[in-house]
Each structure stands twice: as structure tokens, then as C-alpha cells.
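**Student:** Quick one, structure for this:
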Amino acid sequence: MQKQMVIVVAMHGVPPADFPRPELDEFIALHTRFERAARVDRQDCERYEELETRLRYWPRTEDTDPYHAAALGLVQALSGAADCEVFLGFDEFCAPALDEALDRAAAAEADSVLVVTPTMTQGSRHSERDIPAAISRARERHPGRRIVYAWPFPLAEVAAFLAGQARQYLTPDHT
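**Tutor:** Numbers count the residues shown, from 1 in each chain. Purely as a prediction, here's the structure:
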């Protein structure tokens with residue numbers, strides 16, 4: 001029997017604390033130059049790809065990348081809460097890349113691929129531009145596969161969630 005859905009959690013990602021600083025600085029400089037340039041030197045492209053791969057696949061621990069560890073924890077908790085398979089993909093800095101996670105999810109035996117992000121409000125370049133672009137590429141690679149982006153969240157629902165969280169911290173158990 002085919003599953004109703006699988007979920008892809010789209011996260012941003014951060015560099016790990018122990019990644020060599022000179023290489024991170026070089027990567028960020030190249031990244032910034034590529035975003036602004038009309039033409040890019042082939043040698044710079046090769047170096048950028050080399051650094052990006054090194055950065056994405058750098059070994060991570062909870063100490064060196066607590067964001068990555070939290071993303072893994074979120075995926076595990078969401079899988080239990082939603083009772084379905086959940087894939088994790090990162091826009092930058094971490095593996096697997098969002099495109100890879102979307103491909104893996106599209107290959108799963110499910111009616112729909114639902115993409116979510118923990119970014120709760122509009123205004124994020126990643127949520128508004130990068131994630132939809134990755135979804136568009138995935139739809140091209142997987143024609144006929146239903147891929148839905150569950151975002152943006154209604155502000156009233158975000159406010160209600162945050163209010164509920166705030167109330168928990170007003171109990172005597174929290175200092």
C-alpha cells in the first residue's frame with residue numbers, strides 16, 4: 001500500500017564551528033562574488049564547488065554544529081508526530097542538499113511530497129526564493145510527482161503557537 005505523504009524539512013544550515021576559518025572566508029567571498037557577478041571565472045567556480053562540498057560534508061557533532069543536531073532532532077520528532085517518513089535537506093552549508101532530499105522524497109512510494117520549513121514568517125530569502133526554486137527544479141526532474149510547499153504559515157496560527165509556548169514559560173516550573 002502506498003503512503004499518503006512524505007515530508008521534506010527544508011533547513012538553511014550553518015557552517016560548523018571547527019571548519020577552517022580561512023577556507024570558510026574564501027567560500028563566503030566566492031559566494032558573495034557569484035551572487036553579484038554577471039560572469040564567473042571557471043577556476044573560481046571549481047574552487048567554489050570544492051569548498052562547498054568540503055563544507056557540506058564536514059563531520060558534525062552537537063558541539064560543532066548545534067543547529068545541525070537540532071535539525072536532526074526536529075526530523076525525528078516530526079516523523080513520529082506526522083507518522084510518516086521525513087527527509088532533511090539544507091539550503092546551504094550542510095548535507096544533504098535540499099535538491100538531494102527532494103529527489104529522495106520523490107523516489108519514495110507516496111502520493112505527495114510535502115515541503116515544510118521551520119521559518120515561520122515571510123521575509124526570508126531562503127523561504128521565499130531558494131526553497132521554491134529547489135521545488136521547481138524537483139518538479140522538472142520528477143514530472144507527475146505531487147510536490148507541495150506548505151508555507152507561508154498564517155500569522156494568526158504562528159501567533160497562537162508562540163502564545164502557547166510563552167504561556168508554558170510563565171508556569172512556576174520555569175525560571
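**Student:** how about the strands of this structure, start to end?
**Tutor:** Taking DSSP state E as the test, the strands found in the chain are 3-11, 86-90, 110-116, 146-149.
**Student:** winner for burial among those strands?
**Tutor:** Highest mean neighbour count among those (mean count of other CB atoms under 10 Å): strand 86-90, with a mean of 23. C-beta: built from backbone N, CA, C; applies to glycine.
**Student:** how big is the angle separating that one from strand 3-11?
**Tutor:** Regarding strand 86-90 and strand 3-11, their directions subtend 30 degrees when assessed with axes from the mean of the first three to the mean of the last three CA atoms, to 10 degrees.
**Student:** Domains in the protein, by residue range?
**Tutor:** Following automatic domain parsing, one gets these domains for the chain: 3-15+65-168, 21-56.
**Student:** I'd like those domains as CSV, with mean pLDDT appended.
**Tutor:** Below are the domains of the chain laid out as CSV (pLDDT from 0 to 100):
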stretch, mean pLDDT
domain 3-15+65-168, 96
domain 21-56, 88
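**Student:** Ok, which of those comes nearest His174?
**Tutor:** The minimum distance between His174 and those falls on domain 3-15+65-168, with 7.1 Å, by CB to CB.
**Student:** Between its first and last residues, how far does that closest one reach?
**Tutor:** Length of domain 3-15+65-168, first residue to last, CA to CA, to the nearest Å: 35 Å.
**Student:** Surely Leu98 and Phe90 touch.
**Tutor:** Yes - in this structure, Leu98 is within contact of Phe90 by CB atoms under 8 Å, at 6.3 Å.
**Student:** Need the overlap of contacts for the two.
**Tutor:** Counting by CB atoms under 8 Å, 6 or more residues apart in numbering, the common neighbours of Leu98 and Phe90 are Ala10.
**Student:** contacting residues around the nearest residue to Gln122 once chain neighbours are set aside?
**Tutor:** Distance criterion CB to CB, 6 or more residues apart in numbering; nearest residue to Gln122, sequence neighbours excluded, is Pro152 at 5.1 Å. If you count contacts by CB under 8 Å, 6+ apart, Pro152 has them with Thr121, Gln122, Ser127.
**Student:** Just put the strands of the chain in JSON lines and tack on distance to Glu50.
**Tutor:** Output for the strands of the chain, formatted as JSON lines (distance: least, CB to CB, whole Å):
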{"stretch": "strand 3-11", "distance to Glu50": "23"}
{"stretch": "strand 86-90", "distance to Glu50": "18"}
{"stretch": "strand 110-116", "distance to Glu50": "29"}
{"stretch": "strand 146-149", "distance to Glu50": "30"}
